[in-house]
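Chemist: Task: produce atomic coordinates for the following.
(one chain, ligands or ions: 1)
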Amino acid sequence: MQDEGSSSTAIAPEKRATAYRSESALSRKLYQRAGVVMPGGNTRHSTALSPYPAYVISGRGCRVMDVEGAERIDFLNNYTSLILGHANPQVTQAAQRRMALGAAFTMPTEAEVELAELLTSRVSYIDHVRFCNSGSEAVLMAVKAARAFTGRPKIAKFEGAYHGVYDYVQVSEGPAPDQWGEPGAPASVVDPGSASSVAQDVVVLPWNNFEACRTLIVKHKQELAAVIVDPLPLGIGLISPRPGFLELLREETERHGVLLIADEVMSFRLSYHGAMHELQINPDLTTLAKIIGGGFPVGAVAGSAKVMSVFDHTGNWKVRHGGTFNANPVTMTSGLETMKQMTPEAYDRLNRMGEEIRERLARMFADRRIPAKICGKGSIFAAHLTDRDLVDFRSLHGFSRTRPIYTDLCHEMLAQGIVTTARGIFGCLSTPMTELEMDAFVGALARSLTVLGYNR
Ligand SMILES: Cc1ncc(COP(=O)(O)O)c(C=O)c1O
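Modeler: Now for the predicted structure:
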C-alpha cells in the first residue's frame, strides 16, 4: 500500500508539466477575468483545475480546441454526457431546425412524446417518464415521488456516492475520516449549506457491505421511503457492486415496501435497455440525464406507472412538478436524435472498446510495475494508483481524487493532447473514437507517468 501523497512529493518541480501552463496565456487571462465575477472564477466545481482551466472554443467528434488553438482528444465528453462526441452533424442539424421553429413554448411538443416513447420502449422497468433540466433535479423529483408514494420521510444513500446537489443526497458525499463513524453504520455527514436536520432523514449505507445494508434497511424500514443507488458510482471510484449486491438491495427494499431508485444519470450509457437490465433488477424509479439530452441540459424521472402516478394531476396527484424549461423542444429533439443513433450495435461497439482500454491500461501499469487498480464498466473507466483492495468509499482513502498527483497528471495529459480530469484517472468513450484515440490515451498516460517520475 502506498502512503498518501507519496508520489507527489517525489516529483521534482522541474518535471511538472509546464507546457500546458505556459501555452495557456489566454486561458490564464480568462480565468483572471472569471475570478472577478465568479467565486473561485468558477460555476461548476467539476471543471476546476489549478492554476486555471483550459478554456474551450469548439468541439467536433472526439476532439476539442481550446482558446490557444490547441486540439486535444476529449475523454471527458462533458462528464460522460456526449456519447456521440461533439457537434454530431445529425444532432446539430436537428437542433438548428428546431431552434428556427422556436426554442421554448408554454405548450408541449411532439418531440417530448417521442423521446418518452423511445425510453419506455427500450427500458422494461420504465412505464412513465417526466422530463426536467438536470440529473440533480431528476434525483430530487425521484426522492419526492418516493416520499409521497410511501408516506415515509427517510432515504438511504451510499457513503461517497454522488447524485447531484439536492441536500438529502449530498449527505456523506465525501466525508473526512474523522467524520466517518462505524464501518457498519456510517455517520450522516451534512454539508454546511444544508439544515442539520437533514441528517436525521438520511441513512448512509456502506458500499458492498451486504450485512450492514440489510441491517440498516431493516432498522429503518418503517420510515424509509427509498434506497438510491448508482450501479456504477463515480464518487466511489467506479468500484463495481459485488455479485449479488444490487440484487440484495432489491430484495430487501421490496420486502419492506421501500422503493429502489436507480440513479442512471451516468450509467444509462452502459446499456440500450438500461443499466439494471442485465441483472434483471426492476427499480421502482430511475433517474436519467446526460446522454438523453443530446448535449443540452436535461434530466428525467422515470419508473413504474404505479409509482409515477404521484405526478398525475388527473388522478391521485401528490407531487407538484413545474419547470419553465422542462421538455423544451431543442433538448427533446437533440436527445431523440442522439438516442436513435445509439442502436444496440453502437452500445456493443463502445462497450467492447471500453473493455479493451481497461485491458490496455492494466497491461501498461503492469509493464511499468506501477501498482494500479482498473475500475469501470462499458464505456467508462478509471484507474487508481494503488494495490489495495477496493471495495467501498473508505478503501479509496489516501489516493482518491484529492491527491496532488492527479492534478499533475491532468496537466501532463493536457500537454500531451488529452482532456481528462484532475480528480483521478478517469475517462469515457464516445462513438467517433477508434483504436487510434485509445492508443493515444494509454500512450499519453504512460508518458505522463514517466515524466512525473512515477515509474517504480
Ligand atoms: C449519478 C449521478 N447522479 C446525478 C448527477 C447530477 O446530474 P447533473 O449534473 O445533470 O445535475 C450526476 C452528475 O454527474 C451523476 O453522475
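Chemist: Specify the local secondary structure of M353.
Modeler: helix (DSSP: H, G, I helix; E, B strand; the rest coil).
Chemist: need the contact list for I291.
Modeler: Residues near I291 by C-beta atoms under 8 Å, 6 or more residues apart in numbering: 80-83, 268-269, 335, 338-339, 342. Every C-beta, even on glycine, is put in place using the N, C-alpha and C of the backbone.
Chemist: Among these, which one has the most neighbours?
Modeler: G335 (31 neighbours; other C-beta atoms under 10 Å).
Chemist: Touching, that one and E112? I think so.
Modeler: No - taking contacts as C-beta atoms under 8 Å, G335 lies outside contact range of E112: 9.9 Å.
Chemist: What helix or strand is I374 located in?
Modeler: strand 373-377 (DSSP states H and E).
Chemist: Pairing partners for the helix or strand following that strand, with directions?
Modeler: Counting by DSSP H and E, the next helix or strand C-terminal to strand 373-377 is strand 380-384. Using DSSP bridges, the strands paired with strand 380-384 are strand 373-377 (antiparallel), strand 425-428 (antiparallel).
Chemist: Excluding its own residues, what touches the last one? List them.
Modeler: It refers to strand 425-428. Under C-beta under 8 Å, 6+ apart, the answer for strand 425-428 is 75-77, 80, 234, 238, 269, 357, 379-385, 406, 409, 420, 441, 445.
Chemist: is it anywhere near the ligand?
Modeler: No - counting by C-beta under 6 Å from any ligand atom, no contacts exist between strand 425-428 and the ligand, the nearest distance being 11.2 Å.
Chemist: CA-only coordinates of the following helix or strand past that strand in PDB, if you can.
Modeler: Where DSSP H and E defines the elements, the next helix or strand beyond strand 425-428 is helix 435-451. Extracted in PDB, the C-alpha atoms of helix 435-451 (Å, rounded to 0.1, in the frame of the first residue of the first chain):
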ATOM      1  CA  GLU A 435      -8.200   2.400 -31.700                       C
ATOM      2  CA  LEU A 436      -6.200   5.500 -32.500                       C
ATOM      3  CA  GLU A 437      -7.700   7.500 -29.700                       C
ATOM      4  CA  MET A 438      -7.400   4.600 -27.200                       C
ATOM      5  CA  ASP A 439      -3.700   4.200 -28.200                       C
ATOM      6  CA  ALA A 440      -3.300   8.000 -27.700                       C
ATOM      7  CA  PHE A 441      -4.800   7.900 -24.200                       C
ATOM      8  CA  VAL A 442      -2.800   4.900 -22.900                       C
ATOM      9  CA  GLY A 443       0.400   6.200 -24.500                       C
ATOM     10  CA  ALA A 444      -0.100   9.700 -23.100                       C
ATOM     11  CA  LEU A 445      -0.800   8.300 -19.700                       C
ATOM     12  CA  ALA A 446       2.300   6.100 -19.800                       C
ATOM     13  CA  ARG A 447       4.500   9.000 -20.900                       C
ATOM     14  CA  SER A 448       2.900  11.300 -18.300                       C
ATOM     15  CA  LEU A 449       3.700   8.900 -15.500                       C
ATOM     16  CA  THR A 450       7.300   8.700 -16.700                       C
ATOM     17  CA  VAL A 451       7.600  12.500 -16.900                       C
END
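Chemist: what's helix 435-451 packed up against?
Modeler: When contacts are defined as 3 or more C-beta pairs under 8 Å, 6 or more residues apart in numbering; DSSP states H and E, helix 435-451 sits against strand 71-74, helix 344-367, helix 404-415, strand 418-419.
Chemist: avg pLDDT for it?
Modeler: Model confidence over helix 435-451, given as mean pLDDT, is 96.
Chemist: try stretch 168-179
Modeler: Mean per-residue pLDDT for stretch 168-179: 96.
Chemist: ok, now stretch 113-131?
Modeler: Here the average pLDDT along stretch 113-131 is 98.
Chemist: again, but for stretch 354-372
Modeler: 96.
Chemist: So which bits of it are buried?
Modeler: Going by neighbour count (16 or more other C-beta atoms under 10 Å), the buried part of stretch 354-372 is 354, 357-358, 360-361, 364-365, 370, 372.
Chemist: ditto for stretch 45-63
Modeler: 49, 52-56, 59, 61-63.
Chemist: In the stretch 301-450 of the chain, where is pLDDT below threshold?
Modeler: 399-402 (pLDDT under 70).
Chemist: what number of residues lie near the residue of it at minimum distance from the ligand?
Modeler: With C-beta to the nearest ligand atom, the shortest gap between the stretch 301-450 of the chain and the ligand falls at I380, namely 10.2 Å. Using other C-beta under 10 Å, I380 has 23 other residues around it.
Chemist: Ok, R423 next?
Modeler: R423, neighbours per other C-beta under 10 Å, totals 19.
Chemist: Lovely, talk soon.
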